[in-house]
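[1] Let me see the structure of the following:
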Amino acid sequence: MIINELTLAHFGKFHGKVVKFDNGLNILHGKNEAGKSTIHTFIYCMFFGMDSKRGTAGANNLYKQYEPWEDQGGYGGSLIFTSFGKQYKIERSFLKPEPWVKLTNLTDNVEVIPPQEHINTLLGNMTETAFRNMVSLGQMKATFEEGLADELRNHVANLGSSKNVEIDMEHSLETLYAKREAIEKKRVEVAENQRKNLMEALAESDRRMDELAHREKDFKQKLAQDRKQEYDMFQEQRTFRSQTEEELRDIKDQMRRLEHEQTRWKNEADSWVAKTGLKLEKLEQGKKPKSLRGLILALYILLTACLGGAVFFLCDYLISYFRGEDPRFDFSIILGPSLCGAVLILLVLIIMISRGARRRRRAYRMYEERMASYKDAKSSYEELAGQQTSLGEKMSDIEGSDYMKLHEANNDLEKEILRCSWEQEQEQQHMDDLGRELTAVEEICARNAAYSVEIGAIDLAVDTVKKVAKEIRESFGNKLNKKVGEYMAVISGGLYSDILIDENFDIFIQTEEEPIPVSQLSRGTMEQVYFCLRLAAADMMWPDLNPPIILDDTFAYYDDKRTYDTLLLLRHLRRQVIILTCQGREKEYLKDM
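    Numbers count the residues shown, from 1 in each chain. Have a look, this model is predicted:
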């Protein structure tokens, strides 16, 4: 690969600057601030652009650093290079917000699309890190930048196998790891635990179903026995209830009859009391009507006395009359009629009093008879009321008897049977749900098993690739050590020719006694070792591309002898080398070669 021509249309301090290069050694000599680093950065940006993988902040800093000093409406340029026997031209505009790139095949005079992908292909798929570390060496960057060791490891893993068939081992491993990770994501790690839990839940649910079925069976057997017993008790109590209800109806009829009799006797007694004028209060207190014999006797005595007086006065009058004597007019005439009247009145009173007394005595007897009948009816009524109460208690006893308790217990059993049936339905539905979940989980487990087989195959493939990569790495490492040692022997005048680079790409100088880390050497020697490593790595990683080497004041720490030997080495590499320097010794040394 050869860089033929640069056109810095608008880039940094340059406007319309054209720089041409030849194959072999090219030296751009200039003092400080002449723009050597600007040309160096321009080459990098033309190949990879400014929106590189350095990040937004780095890209913005680079954009600001190399903005055109004079605003002429542009920011970019072009680069012509030769790769794989054809000449190409890259044209770029870095101007934001719409930067663009164009690639033209000058040999065939056609535009190549898409441009950046083809540029990467023409660079041998070289990454920016590899370009900065093995092709383009900037100021004060003779040692590795971050990522060079990874680039070398990746290249070792991607070395070709037999028959020159290239195997991209790193990509293969990434693909295998990605596939394994994708399969791992598909796997449901908790599926086995879920399956185990679901099977345990199904077993527990099945046990619960058996328990409910046995309970329901026991309840039904007990209910059948108790219902028969309940029926027998019901027949017995129905007969007893019928008889008791009949007796209660008879008692109620008798009580209604006695109520009527009590009312009738009470009304008749009150009627006799009203007829005789007796006081009901005294009769109710047990006071009988007083006897009138004394009064009648007194009246008889008084009547007898009156009659005796009247007879006496009458006799006296008759005697006087028959004697011819003058009658005692004063008393006889008055007293006689008076006595006769008194006697008549007394007789009338005696007769009336006697008749009233007999009537009262008869009314009292009638009252007593009615009250006796009333009391008898009341006593019978109370006796019947007691019988009614007793029968009512018996009826209550029937309702709270063993039959009712058994009846309620049987009703409870029926409820329990219904509850068992309902619980079995719920449990069956739960088992169906668990069964569906288990089916789904078993499908996942089956897929997991298939995934495990695939993962096992991928792991085997990864181990195989790593084993092959290790073998190739060891072969590459030996070749790399040998080539670095050859280059370092030229630069150091044969002083250092045995270079060891371990798997971590730590570099050692092999001495007669022991390996010495390159970090213990002088700054100049250390940079020379790293420089040889870059050249050797570029030779081995892109043997067909043979990319140019761009050196920007790389020899600052080299002494004159080693600078001369390094230039001599570069001249014999048969590749394009572009040296950007502010010193004149490189140019003078080339005149002597």
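[2] What about the residue nearest to Asp539 when sequence neighbours are not counted, how many residues nearby?
    Nearest residue to Asp539, sequence neighbours excluded (C-beta to C-beta, 6 or more residues apart in numbering): Lys483, at 6.5 Å. Any C-beta I mention is one placed from the backbone N, CA and C, and that applies to glycine too. Neighbours of Lys483 under the rule other C-beta atoms under 10 Å: 18.
[3] And Lys483, which helix or strand is it part of?
    Using DSSP states H and E, Lys483 sits within helix 402-491.
[4] so what's Phe234 up against?
    403, 407 (C-beta atoms under 8 Å, 6 or more residues apart in numbering).
[5] the domain parsing of the protein - what is it?
    When the chain is parsed with automatic domain parsing, its domains come out as 1-126+542-593, 210-399.
[6] Which parts of the stretch 151-300 of the chain are helices?
    Ranges of helices within the stretch 151-300 of the chain are 169-186, 191-276, 280-284, 293-323, based on DSSP state H, counting those that start in this stretch.
[7] and of these, who's closest to Ile27?
    Closest of the helices of the stretch 151-300 of the chain to Ile27 is helix 169-186, at 37.2 Å (criterion: C-beta to C-beta).
[8] still on that earlier bit, out of the domains of the chain, name the one with the poorest average pLDDT.
    Per-stretch averages of pLDDT across the domains of the chain put domain 210-399 at the bottom, with a mean of 71.
[9] From Thr511, how far out is the residue nearest to Asp539?
    Using C-beta to C-beta, to the nearest Å, Lys483 is found at 20 Å from Thr511.
[10] if we can go back for a sec, ranking the domains of the chain by burial, who's on top?
    domain 1-126+542-593 (a mean of 16; mean count of other C-beta atoms under 10 Å).
[11] roughly how far apart are Arg362 and Leu391?
    Going from Arg362 to Leu391 by C-beta to C-beta gives 43 Å.
[12] residues contacting Phe21?
    Going by C-beta under 8 Å, 6+ apart, Phe21 touches 2-6, 576, 578.
[13] Distance to Glu383 and secondary structure added to these, as CSV?
    Listed next are these as CSV, based on distance: C-beta to C-beta, whole Å; DSSP: H, G, I helix; E, B strand; the rest coil:
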residue, distance to Glu383, secondary structure
Ile2, 145, strand
Ile3, 143, strand
Asn4, 146, strand
Glu5, 146, strand
Leu6, 143, strand
Gln576, 146, coil
Ile578, 145, strand
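[14] circling back to that earlier point, which one, of the domains of the chain, ends up nearest to Lys405?
    Of those, nearest to Lys405 by C-beta to C-beta is domain 210-399, at 10.0 Å.
[15] for the residue lying closest to Ser37 once chain neighbours are set aside, phi and psi?
    The shortest distance from Ser37 to any non-neighbouring residue, by C-beta to C-beta, 6+ apart, is to Asp552 (6.0 Å). Main-chain torsions, Asp552, degrees, to the nearest 10: phi -110, psi 100.
[16] how far away is Asp552 from Arg585?
    Separation of Asp552 from Arg585 (C-beta to C-beta): 16 Å.
[17] next one: Arg264
    From Arg264 to Arg585 the distance is 164 Å (C-beta to C-beta).
[18] What is the helix holding Lys483 packed up against?
    Under the contact criterion of 3 or more C-beta pairs under 8 Å, 6 or more residues apart in numbering; DSSP states H and E, helix 402-491 touches helix 148-157, helix 169-186, helix 191-276, strand 499-501, helix 523-541, helix 560-571.
[19] what do you get if the cut-off is 10 Å, keeping everything else the same?
    The contact analysis (3 or more C-beta pairs under 10 Å, 6 or more residues apart in numbering; DSSP states H and E) places helix 402-491 against helix 148-157, helix 169-186, helix 191-276, strand 499-501, strand 507-510, helix 523-541, helix 560-571.
[20] Report the distance from stretch 94-109 to the chain centre.
    Stretch 94-109 has its average C-alpha position 57 Å from the chain's average C-alpha position, going by C-alpha atoms, centre = their mean, to the nearest Å.
[21] Would you work out how far apart the start and end of that stretch are?
    24 Å (C-alpha to C-alpha, to the nearest Å).
[22] quick one: Gly16 is in a strand?
    Yes. Gly16 sits within a strand when classified using DSSP: H, G, I helix; E, B strand; the rest coil.
[23] so what's it up against?
    Contacts here follow C-beta atoms under 10 Å, 6 or more residues apart in numbering; on that basis Gly16 touches 7-10, 72, 77.
[24] and if you look at Lys196?
    Lys196 is in contact with Val441, counting by C-beta under 10 Å, 6+ apart.
[25] how close does it get to Tyr75?
    From Lys196 across to Tyr75, the span is 67 Å (C-beta to C-beta).
[26] ditto for Ile350
    According to C-beta to C-beta, Ile350 stands 170 Å off from Tyr75.
[27] now swap in Gly24 and tell me
    Distance from Gly24 to Tyr75, by C-beta to C-beta: 32 Å.
[28] Spatially nearest residue to Ile113 (excluding sequence neighbours)?
    Using C-beta to C-beta, 6+ apart and skipping the chain neighbours, the partner closest in space to Ile113 is Leu103 (7.8 Å).
[29] who does the helix or strand encompassing the one you found pair up with?
    Using DSSP H and E, Leu103 sits within strand 100-105. Strand pairing for strand 100-105, determined by DSSP bridges: strand 86-93 (antiparallel), strand 110-112 (antiparallel).
[30] Let me have those strands in CSV, extended by distance to Arg238.
    Converted to CSV, the strands paired with strand 100-105 look like this (distance: least, C-beta to C-beta, whole Å):
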stretch, distance to Arg238
strand 86-93, 114
strand 110-112, 112
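[31] Give me the pLDDT for the residue nearest to Glu216 when sequence neighbours are not counted.
    Using C-beta to C-beta, 6+ apart and skipping residues adjacent in sequence, the residue nearest Glu216 is Cys420, 4.0 Å away. On the pLDDT scale, Cys420 is placed at 88.
[32] got a list of what Cys420 touches?
    211-220.
[33] before we move on, what about Leu580?
    Taking C-beta under 10 Å, 6+ apart as the test, what Leu580 contacts is 26-30, 34-40, 137-139, 550-554, 586.
[34] backbone phi and psi for Ser83, please?
    Dihedral pair for Ser83: phi -150, psi 130, per degrees, to the nearest 10.
[35] bridging residues for it?
    Per DSSP bridges, the residues bridged to Ser83 are Lys86.
[36] ok, now how distant is it from Gly124?
    Distance from Ser83 to Gly124, by C-beta to C-beta: 9 Å.
[37] Could you tell me which residues touch both of those two?
    Joint contacts of Ser83 and Gly124 (C-beta under 10 Å, 6+ apart) are 1, 545-547.
[38] just these now: which is nearest Ile507?
    The nearest one, if we look at the shared contacts of Ser83 and Gly124 relative to Ile507 and count by C-beta to C-beta, is Pro547, at 22.3 Å.
[39] Distance check, Gln428 against Phe81.
    As defined by C-beta to C-beta, Gln428 lies at a distance of 80 Å from Phe81.
[40] Not counting sequence-adjacent ones, nearest residue to Ile2?
    Thr82 is the one closest to Ile2 (C-beta to C-beta, 6+ apart), at 4.5 Å.
[41] I'd guessed that neighbour sits against Leu545; true?
    No. Using C-beta atoms under 10 Å, Thr82 is not in contact with Leu545, being 11.1 Å away.
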